[in-house]
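**Student:** Using only what follows, build the 3D model:
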Amino acid sequence: MGTGRWGRAVLICAALAVAAGSGVIAARLAESDRRSTGTASPTTAVSTPTPTLAPSAPSGVPESPSPSGPTPTAEPMAIQNRTVLQSRLYKVGRIPASRCKEPAARATSLAKVRQYYTEFLACLNKSWEPVMREAGFKFRAPKLVVYAGKSANSFCDLTSTAVYCDGTIYMSADYDMKNHSTYDPLWTRTTMAFLIAHEYGHHVQAMTGILQASHFREQVSSSTTMQLLESRRRELQASCLSGVYLGADKQFFPARGSWLLKWKWTVRNRGDEWNPKRTHGNKTSHSRWSRAGFDAADPGACNTFAAKPASLN
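**Tutor:** The predicted structure is shown next:
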């Protein structure tokens, strides 16, 4: 799959929603599948609603799944399984550091948020481009849209704070500016770093064909339980890949001291326990996979598709 998947009109969206509370910030994740047909192949969209921010304890609101489109007529399941289980991505070893420092811009305005994410994305490209080429995949830098207001001008479902859709990463500046002014500026920075690298993790999945194959596996699963497990495999891998980048660049970023402690707290306090759909993994699983990626700085540590379900709760 790999390089050939980009030649097809495949629309894939992946999104995260997070929330922050006073005193102890509770970050939450949720996801729902939205599917419709594309121009040349089935279209799959995965989206999460934006949490309502308030001074007390903002919370996300679960979103009901939209009706599904036609079942894709793709390659046999054996090929899809090999794509997610035996990807060449897992054999590239430790990824190179981008040697980038954390962007200096702070979330005080739309322009500053856009500057932060634009600089961060360029650094992500520096690390992941040689990895994709080494693994034999075609590299394609994602587009970036940072917007304020209800939504950007897009055909993608942007009801969440961070969305990966059809090769574009969408980031809501409203969420970051609210967090910076109302809550903890340092927590806001660790959250921004995590979110952009997580959405880039979905882009890595798309370039390798893992994202498409996982959506196919989810659609043909025999039960809701197995569908949710597949979703958690996909989302926890994206969080692990987020950690991989930061771990590779930690000496230059630098990810140490109070910043690193806050990042570890952030990934340790994210979970979908509140959501009956259980699409992203609980706090324990999210922390385990995010930190596994950080410690190894190697995508080989992120093969959630080969992991036992007990580590994907």
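**Student:** next structured bit after the helix or strand where Asn81 lies?
**Tutor:** Assigned by DSSP states H and E, Asn81 falls within helix 77-85. Going down the chain from helix 77-85, the next helix or strand is helix 110-134, by DSSP H and E.
**Student:** buried stuff in stretch 248-265?
**Tutor:** Under the neighbour-count criterion of 16 or more other Cβ atoms under 10 Å, stretch 248-265 has 248-250, 253, 255, 259-260, 262-265 buried. From N, CA and C alone the C-beta is placed, and that goes for glycine too.
**Student:** Next, the distance between the ends of that stretch.
**Tutor:** Length of stretch 248-265, first residue to last, Cα to Cα, to the nearest Å: 19 Å.
**Student:** And the contacts of that stretch?
**Tutor:** Here stretch 248-265 makes contact (Cβ atoms under 8 Å, 6 or more residues apart in numbering) with 94-102, 123, 127, 184, 186-187, 189-190, 193-194, 246-247, 287, 291, 294, 297.
**Student:** Are any of these buried, and if so which?
**Tutor:** Buried members of the contacts of stretch 248-265, scored by 16+ other Cβ under 10 Å, are 95-98, 100, 102, 123, 127, 186-187, 189-190, 193-194, 246-247, 287, 291, 294, 297.
**Student:** circling back: and of the buried residues of stretch 248-265, the nearest to Asp157?
**Tutor:** Trp263 (28.3 Å; Cβ to Cβ).
**Student:** my read is the closest one is in a helix, agree?
**Tutor:** Yes - the assignment for Trp263 by DSSP: H, G, I helix; E, B strand; the rest coil puts it in a helix.
**Student:** Doesn't Met171 lie inside a helix?
**Tutor:** No - under three-state DSSP, Met171 sits outside any helix and is assigned strand.
**Student:** wait, it sits on Gln115?
**Tutor:** No - under the criterion of Cβ atoms under 8 Å, Met171 makes no contact with Gln115, lying 11.9 Å away.
**Student:** For those two, indicate the residue with more neighbours.
**Tutor:** Between Met171 and Gln115, Met171 has the larger neighbour count (other Cβ atoms under 10 Å), namely 26 against 16.
**Student:** Might you report the residue contacts of the more buried one?
**Tutor:** 113, 117, 144-147, 161-162, 195-196, 199.
**Student:** Can you add distance to Thr225, pLDDT and secondary structure and give these back as TSV?
**Tutor:** TSV is the format used below for the contacts of Met171 (distance: Cβ to Cβ, whole Å; pLDDT from 0 to 100; DSSP: H, G, I helix; E, B strand; the rest coil):
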residue	distance to Thr225	pLDDT	secondary structure
Val113	38	98	helix
Tyr117	36	98	helix
Leu144	36	97	strand
Val145	35	95	strand
Val146	37	96	strand
Tyr147	36	93	strand
Thr161	28	87	coil
Ala162	27	91	strand
Leu195	28	96	helix
Ile196	31	97	helix
Glu199	27	97	helix
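**Student:** Those residues, buried ones only, as a PyMOL selection?
**Tutor:** Buried subset of those, written as a PyMOL selection, criterion 16+ other Cβ under 10 Å:
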select buried, resi 113+117+144+145+146+147+161+162+195+196+199
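**Student:** JSON lines for the contacts of Met171, including distance to Arg88?
**Tutor:** JSON lines is the format used below for the contacts of Met171 (distance: Cβ to Cβ, whole Å):
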{"residue": "Val113", "distance to Arg88": "35"}
{"residue": "Tyr117", "distance to Arg88": "29"}
{"residue": "Leu144", "distance to Arg88": "26"}
{"residue": "Val145", "distance to Arg88": "30"}
{"residue": "Val146", "distance to Arg88": "32"}
{"residue": "Tyr147", "distance to Arg88": "35"}
{"residue": "Thr161", "distance to Arg88": "32"}
{"residue": "Ala162", "distance to Arg88": "27"}
{"residue": "Leu195", "distance to Arg88": "27"}
{"residue": "Ile196", "distance to Arg88": "25"}
{"residue": "Glu199", "distance to Arg88": "22"}
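**Student:** OK, contacts around the nearest residue to Met171 once chain neighbours are set aside?
**Tutor:** Using Cβ to Cβ, 6 or more residues apart in numbering and skipping the chain neighbours, the partner closest in space to Met171 is Val146 (4.9 Å). Taking Cβ under 8 Å, 6+ apart, we find Val146 in contact with 110, 113-114, 117-118, 170-173.
**Student:** can you list the weak-confidence ranges in the stretch 51-200 of the chain?
**Tutor:** Scanning the stretch 51-200 of the chain with the threshold set as pLDDT under 70 gives 51-75.
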